[in-house]
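Colleague: need coordinates for the following:
(one chain, ligands or ions: 1)
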Amino acid sequence: MNLQDCIIVGGGPAGLNAAVVLGRCRRKVLVFDSATYRNRYSHGVHNYLTRDNILPSELLTLAHTEVKKYGAKMIHKKVATARKNDDGIFMVKDEDGKAYHSKKLLIATGLWDNLPEIPGFKELYGKSVFHCPYCDGWEVQEKNVGVYARNKNGFELALALKCWTDSVTLYTDGRNRLKPTEVETLVANGITIVSYPIAELEHKDDHLKNIRFKNGEKRQCDALFFVNGFRMQCDLAETFGCIMSKKGVVLTNRQQQTNVEGLYVAGDAAKDMHFVVVAAAEGAKAAVIINKELIKEETVQPAEGTLAT
Ligand SMILES: Cc1cc2nc3c(=O)[nH]c(=O)nc-3n(C[C@H](O)[C@H](O)[C@H](O)COP(=O)(O)OP(=O)(O)OC[C@H]3O[C@@H](n4cnc5c(N)ncnc54)[C@H](O)[C@@H]3O)c2cc1C
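Modeller: You can find the predicted model right below:
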């Protein structure tokens, strides 16, 4: 058996940073990457010191060079199943059914955002349609900004966007999940609420132009932020019986350890802020703890009676 020290499932910032740290510890590491990074639609990464506005694909290219330099191997395949055998060894199988074994397993498989099924949404995602004001608010400051909230309430997101612009409209797409007090607060803060069901996001050259409603009316809008929930990219952590948060991500301790011994989760798949820099930091933290655990397991204890006096 070609036993790895650690298998990492996920080749985003969390998984790759873990691979670099473990590689530099001279560990045998395999990274699986199915190339479905959460921010692949984004026009540029923000809030990552020294990498302002870098294309997500460029960041990954730089990361791949570092991962390679420190000896971690990448396999560009999807992991279909993973389990822990009775002897404590992890076994993952790729999409072709090939098995790989490791002492430790790190899941860094990220999330999918739930995009509303409205024409224009998917096309504009990461260009004029966003979910995170901290990631993309700066670029649309002083513009006409909308908030889409049909399945969630949207109150907090609408108020938060006032940091970046005075012109915020909350679109509830035929539903209204706001409490009367929230409506009063939004109105008191100059936020307009529009409840008509939405037909389409009209756009030109990747720029949102108007929100067109099913009743035929339109409202001009430069950028739309949405709150519509997310889901795990894959259910590997759930199949291990990991404890999940109410929002459906994995609960870990501060070292990214799950309730399953030897199994770690980092990045968006674990409960914390969804930032590239946070995902990378969690990957680094997990890698250090994994290395410490391996050191403990490998340290030879002196035979009885041989202790120096
Ligand atoms: C439009 C948009 C813009 C964003 N802008 C910013 C920004 O400006 N700044 C910022 O800090 N954050 C931003 N984010 C958030 C950022 O993308 C995430 O926080 C970050 O990508 C999380 O990294 P991760 O490694 O956890 O997951 P991801 O980057 O999503 O990587 C997940 C990895 O797991 C792999 N994977 C999943 N399942 C499997 C499987 N079964 N087998 C093998 N591989 C698998 C995927 O292929 C991928 O390699 C943005 C997100 C979006 C959607």
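
Colleague: can you list the domains in the protein?
Modeller: 3-112+230-298, 115-226 (automatic domain parsing).

Colleague: mind listing the strands for the stretch 201-309 of the chain?
Modeller: 207-213, 218-220, 223-226, 230-232, 263-265 (DSSP state E, counting those that start in this stretch).

Colleague: ok, and does the longest one reach over to the ligand?
Modeller: When you say that, I think you mean strand 207-213. No. Residues of strand 207-213 contacting the ligand under CB under 6 Å from any ligand atom: none, with a closest distance of 14.0 Å. Quick note: C-beta positions are derived from backbone N, CA and C, even for glycine.

Colleague: other SSEs contacting that strand?
Modeller: With contacts taken as 3 or more CB pairs under 8 Å, 6 or more residues apart in numbering; DSSP states H and E, strand 207-213 sits against strand 198-204, strand 218-220, strand 223-226.

Colleague: how about 6 Å then?
Modeller: With contacts taken as 3 or more CB pairs under 6 Å, 6 or more residues apart in numbering; DSSP states H and E, strand 207-213 sits against strand 198-204, strand 218-220.

Colleague: which one of these lies closest to R40?
Modeller: Among the helices and strands packed on strand 207-213, strand 198-204 comes nearest to R40, with 19.2 Å by CB to CB.

Colleague: give the buried residues for that closest one.
Modeller: Going by neighbour count (16 or more other CB atoms under 10 Å), the buried part of strand 198-204 is 198-199, 201, 203.

Colleague: what of stretch 270-277?
Modeller: Using 16+ other CB under 10 Å as the test for burial, stretch 270-277 gives 270-272, 274-277.

Colleague: among those residues, name the ones in helices.
Modeller: Counting by DSSP state H, the part of the buried residues of stretch 270-277 found in helices is 276-277.

Colleague: what's around S245, how many residues?
Modeller: Using other CB atoms under 10 Å, S245 has 10 neighbouring residues.

Colleague: just the strands of the stretch 201-309 of the chain: most buried one?
Modeller: Compared across those, strand 263-265 shows the largest average neighbour count, a mean of 27 (mean count of other CB atoms under 10 Å).

Colleague: so does stretch 273-287 get close to the ligand?
Modeller: Yes. Stretch 273-287 comes into contact with the ligand (CB under 6 Å from any ligand atom), by way of 274-277, 279.

Colleague: in TSV: these, plus pLDDT.
Modeller: Shown next, in TSV, are the residues of stretch 273-287 next to the ligand (pLDDT from 0 to 100):
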residue	pLDDT
H274	95
F275	97
V276	97
V277	97
A279	98
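
Colleague: max pairwise distance over those residues: which two?
Modeller: Once CB to CB is applied, those give H274 and V277 as the farthest pair, at 10.6 Å.

Colleague: in what helix or strand does G23 lie?
Modeller: For G23, the host element (DSSP states H and E) is helix 13-24.

Colleague: sorry, back to before: can I get the helices and strands packed on strand 207-213 in CSV including distance to T36 and mean pLDDT?
Modeller: Listed next are those as CSV, based on distance: least, CB to CB, whole Å; pLDDT from 0 to 100:
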stretch, distance to T36, mean pLDDT
strand 198-204, 23, 98
strand 218-220, 33, 98
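
Colleague: and the strands of the stretch 201-309 of the chain as JSON lines, adding distance to G137?
Modeller: Formatted as JSON lines, the strands of the stretch 201-309 of the chain follow (distance: least, CB to CB, whole Å):
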{"stretch": "strand 207-213", "distance to G137": "15"}
{"stretch": "strand 218-220", "distance to G137": "19"}
{"stretch": "strand 223-226", "distance to G137": "8"}
{"stretch": "strand 230-232", "distance to G137": "19"}
{"stretch": "strand 263-265", "distance to G137": "28"}
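
Colleague: of all these, which one is nearest G154?
Modeller: Nearest to G154, of those and by CB to CB, is strand 223-226 at 8.6 Å.

Colleague: pLDDT of the closest one, averaged?
Modeller: The average pLDDT for strand 223-226 rounds to 98.

Colleague: list the helices and strands that strand packs on?
Modeller: By 3+ CB pairs under 6 Å, 6+ apart, strand 223-226 packs against strand 145-148.

Colleague: what residues of the top strand by length along the chain count as buried?
Modeller: For the chain, the strand with the greatest residue count under DSSP state E is strand 99-107. By neighbour count on 16+ other CB under 10 Å, the buried set for strand 99-107 is 100-107.

Colleague: next: stretch 11-31.
Modeller: For stretch 11-31, by 16+ other CB under 10 Å, it's 11-23, 25, 27-31.

Colleague: for stretch 56-75, same thing?
Modeller: Those buried within stretch 56-75 under the rule 16+ other CB under 10 Å are 56, 59-60, 63-64, 67, 70, 72, 74-75.

Colleague: does that stretch come close to the ligand?
Modeller: No. Judged by CB under 6 Å from any ligand atom, stretch 56-75 makes no contact with the ligand; its nearest approach is 7.0 Å.
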